[in-house]
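> Sharing a model that was predicted from the sequence below.
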Amino acid sequence: MRVYAVAAAMALICSPLTAQQLDVEFQVLEDSQAAGCSGATVTGLDPNGDGFLAVRTGPGTQYAKIDELHNGDRVRPCARHGNWWGVYYGEPRQKGWVHGNWLGQWAG
């Protein structure tokens, strides 16, 4: 019975159904040669403050926080809503919304 419980827990953890869904979706444009979104670096966060940039399910503080990014993390902004950017990042790729005040060093 114990082995079954561990296997069931692993299946839930690895299941795509457990991935966080965004409240406000955006399209990631890619092709087989290169990403279709520009690149940016998280910068300017106060290490004596929170020290992180909240990744949210939509463009605003009213949306749930789903992750944190830190100075030096690379993201690919693909959508914009006011000062908020829909980005993807990491490996495996994750998506979410971040405030643009802390995105810099833009590259095409």
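Right, received. Where do you want to start?

> alpha carbons only for contacts and neighbour counts from here, please
Noted.

> where along the protein do the helices fall?
Ranges of helices within the chain are 2-14, based on DSSP state H.

> which stretches of it form strands?
For the chain, the strands defined by DSSP state E cover 39-42, 53-56, 65-69, 74-81, 84-89, 94-99, 103-107.

> Can you add distance to Val24, mean neighbour count and mean pLDDT and give those back as CSV?
Formatted as CSV, the strands of the chain follow (distance: least, C-alpha to C-alpha, whole Å; neighbours: other C-alpha atoms under 10 Å; pLDDT from 0 to 100):
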stretch, distance to Val24, mean neighbour count, mean pLDDT
strand 39-42, 21, 20, 95
strand 53-56, 10, 23, 98
strand 65-69, 13, 16, 97
strand 74-81, 10, 20, 94
strand 84-89, 9, 22, 96
strand 94-99, 9, 24, 97
strand 103-107, 20, 15, 84
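
> surely Arg80 meets Val98?
No - the pair Arg80 and Val98 does not pass the contact test of C-alpha atoms under 8 Å, sitting 9.8 Å apart.

> what residues do these two have in common as contacts?
Common neighbours of Arg80 and Val98 (criterion: C-alpha atoms under 8 Å, 6 or more residues apart in numbering): Gly86.

> ok, back up a step: using TSV, lay out the strands of the chain together with distance to Gln21.
Formatted as TSV, those follow (distance: least, C-alpha to C-alpha, whole Å):
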stretch	distance to Gln21
strand 39-42	23
strand 53-56	10
strand 65-69	9
strand 74-81	16
strand 84-89	13
strand 94-99	9
strand 103-107	23
